[in-house]
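Asker: Return a 3D structure for these sequence lines:
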Amino acid sequence: MIDYARKIKSIIPDFDETLINASFQAARIDSMDLLTIRVEFENLNGQAFSDNEWLELESLSDIIKFCQNMVQQRKEEFISTLETIGNGKIQINMP
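Answerer: Residues are numbered from 1 along each chain as shown. Below you'll find the predicted structure:
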């Protein structure tokens, strides 16, 4: 499991974790820190966030929940794929 809070602390060393649910402005997180967090979390998750998704996030806890949901969705898709393979439903059309 990715420790997102620890990753945030590595990006913003003086970040007060009690403000994790506060808005970015209230938590005093500037645009450069947000950009760094976005890039780092995209790299951690191996998937880019759409701008529309990103703009809906209002706090660091929103970002963490979003990332956790993304990881969970990918796990479920992977399990579904494995189940499909196990059931012999995949056909490969080869000459």
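
Asker: quick one: I37 and I63 touch, right?
Answerer: Yes: using CB atoms under 8 Å, I37 is in contact with I63, at 6.7 Å. The C-beta positions use only the backbone N, C-alpha and C, and glycine is treated the same way.

Asker: looking at this structure, which helix or strand is least sure?
Answerer: Ranked by mean pLDDT, DSSP states H and E, the helix or strand of the chain with the weakest confidence is helix 60-86, at a mean of 86.

Asker: Now it: buried residues?
Answerer: Buried residues in helix 60-86, counting neighbours by 16 or more other CB atoms under 10 Å, are found at L60, I63, I64, F66, C67, M70, V71.

Asker: Please render those residues as TSV that adds distance to M94 to the earlier fields.
Answerer: Output for the buried residues of helix 60-86, formatted as TSV (distance: CB to CB, whole Å):
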residue	distance to M94
L60	49
I63	44
I64	44
F66	40
C67	39
M70	34
V71	34
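
Asker: which one among those gets closest to I20?
Answerer: L60 (5.0 Å; CB to CB).

Asker: Quick check: which ranges of the chain have low pLDDT?
Answerer: 1, 86-92, 95 (pLDDT under 70).

Asker: Tell me which residue is most central in it.
Answerer: When CA atoms, centre = their mean is applied to the chain, the residue found nearest the centroid is C67 (2.2 Å).

Asker: which SS state does Q47 fall under?
Answerer: Per DSSP: H, G, I helix; E, B strand; the rest coil, the secondary structure class of Q47 is coil.

Asker: Backbone dihedrals for it, please?
Answerer: Note on Q47: its backbone torsions stand at phi -150, psi 140 [degrees, to the nearest 10].

Asker: what about it, how many neighbours?
Answerer: Residues lying near Q47 (other CB atoms under 10 Å) number 13.
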